[in-house]
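*Asks:* Sequence isn't available, so here's the structure alone:
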């Protein structure tokens, strides 16, 4: 079960097609989504560890459910 903060973050991520900066205020929500298996953390030389996140296959299915209105 996702927290309200993580679910809101997931919705925003999907609505913005992944164009969502990772900052300290939303990092824990992203980490929760990783723990639940719907996102993975990405690392870059310029941005450092956990500088971006991407949907897993389960996350993509969850996004489709969200867009179809079957996810409350």
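*Replies:* Okay, I see it. Please read all numbers here as calculations on a predicted model, not as lab measurements.
*Asks:* use CA for all of it now, contacts and neighbours both
*Replies:* Will do.
*Asks:* The residue minimising distance to the centre of the chain and residue 63: what is the separation?
*Replies:* Taking Cα atoms, centre = their mean, the centroid of the chain lies closest to residue 10, which sits 4.6 Å from it. According to Cα to Cα, to the nearest Å, residue 10 and residue 63 sit 8 Å apart.
*Asks:* again, but for residue 56
*Replies:* 10 Å.
*Asks:* Low-confidence ranges, this protein, go.
*Replies:* 71-72 (pLDDT under 70).
*Asks:* Can you show me the strands along it?
*Replies:* Along the chain, counting by DSSP state E, strands occupy 39-44, 48-55.
*Asks:* and the first one, what does it pack onto?
*Replies:* For strand 39-44, the packing partners by 3 or more Cα pairs under 8 Å, 6 or more residues apart in numbering; DSSP states H and E come out as helix 24-35, strand 48-55.
*Asks:* And residue 56 and residue 63? Which one has more around it.
*Replies:* residue 63 (21 against 14; other Cα atoms under 10 Å).
*Asks:* Now that the more buried one has come up, it's in contact with residue 14, right?
*Replies:* Yes. Under the criterion of Cα atoms under 8 Å, residue 63 is in contact with residue 14, at a separation of 6.5 Å.
*Asks:* how about the residue nearest to the centre of the chain, what does it touch?
*Replies:* residue 33 (Cα atoms under 8 Å, 6 or more residues apart in numbering).
*Asks:* now residue 14
*Replies:* Residue 14 is in contact with residue 63, counting by Cα under 8 Å, 6+ apart.
*Asks:* need the contact list for residue 20.
*Replies:* Here residue 20 is in contact with 12, 13 (criterion: Cα under 8 Å, 6+ apart).
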